[in-house]
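Chemist: Sharing a sequence plus its predicted fold:
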Amino acid sequence: MYLQPVVRCKNRDCPMPSAARIRLPYPNPPATGENPPAWPQDAWQLRMICRECDHWYLYDKKDIQWAPYTRPLEEETRVDFLCVELGCGEPGCHSRTRWHVLDNSQMSEIEALEFVLRADPVAVCENGHPFSISGTASSSVRKASSV
Ligand SMILES: [Zn+2]
Ligand SMILES: [Zn+2]
């Protein structure tokens, strides 16, 4: 068994069972019984979109818990931890933001991109520009093995 970092969806109305958690990738996870790593750093932040309710929130260090799993996340075949990076299309903005989802449906790159762009509330860049209005200057989708 391996310890894996997890977060709980912050949407009180999320249909996900209250005991369920969203797993995050962590390279070379410790075995259960060991002390959880001193991770992440204080300034760490993560934009995570819940697959169950489409709500996104910023998660930080205090949201992280550790839970035991049989296999590391990257060895699971039925789920993919996806990172969608968006460049803001607002003239002069140039910000890039990363959006994450633990997918259980083998989304294509296009589907992953659309999933981010229809998240609730509307996805905004670091400077507050809604992608639905400003558009995206660039986008990429990849599987992430760390966050
Ligand atoms: Zn949720
Ligand atoms: Zn922007």
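Modeler: Perfect, thanks for sending it. Ligands and ions are numbered 1, 2, ... in the order given.

Chemist: From here on, just use CA atoms for contacts and neighbour counts.
Modeler: Fine.

Chemist: pLDDT averaged over the lengthiest helix in the chain - what is it?
Modeler: Ranked by number of residues, the top helix in the chain under DSSP state H is helix 109-117. The average of the pLDDT scores along helix 109-117 is 97.

Chemist: which residues touch it?
Modeler: Taking C-alpha atoms under 8 Å, 6 or more residues apart in numbering as the criterion, the residues outside helix 109-117 that touch it are I49, D54, L82, V84, W99, A123, F131, S132, S139, V141.

Chemist: Can you list the buried residues in that helix?
Modeler: Across helix 109-117, burial judged by 16 or more other C-alpha atoms under 10 Å covers A112, L113, F115, V116, L117.

Chemist: Let's see if you can find the most crowded of the contacts of helix 109-117.
Modeler: Compared across the contacts of helix 109-117, I49 has the highest neighbour count, 24 neighbours, by other C-alpha atoms under 10 Å.

Chemist: That one pairs with what?
Modeler: For I49, the beta-bridge assignment (DSSP bridges) gives partners W56, V101.

Chemist: Tell me, what's the model's pLDDT at it?
Modeler: Reading off the model, I49 has pLDDT 98.

Chemist: Among the buried residues of helix 109-117, which one sits closest to ligand 2?
Modeler: Comparing the buried residues of helix 109-117 against ligand 2 with C-alpha to the ion picks out L117 as the nearest, at 14.0 Å.

Chemist: Would you mind measuring from that closest one to P5?
Modeler: Taking C-alpha to C-alpha, to the nearest Å as the measure, L117 falls 26 Å from P5.

Chemist: Can you pull the residues of this protein lying near ligand 2?
Modeler: Residues of the chain found near ligand 2, taking C-alpha under 5 Å from the ion as the criterion, are C88, C93, C125, H129.

Chemist: Within reach of ligand 1, which of those are there?
Modeler: Restricting the residues of the chain next to ligand 2 to those near ligand 1 - C-alpha under 5 Å from the ion - leaves none.

Chemist: would you list those in TSV and tack on neighbour count and secondary structure?
Modeler: What follows is the residues of the chain next to ligand 2, written out as TSV (neighbours: other C-alpha atoms under 10 Å; DSSP: H, G, I helix; E, B strand; the rest coil):
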residue	neighbour count	secondary structure
C88	26	strand
C93	15	coil
C125	21	coil
H129	18	coil
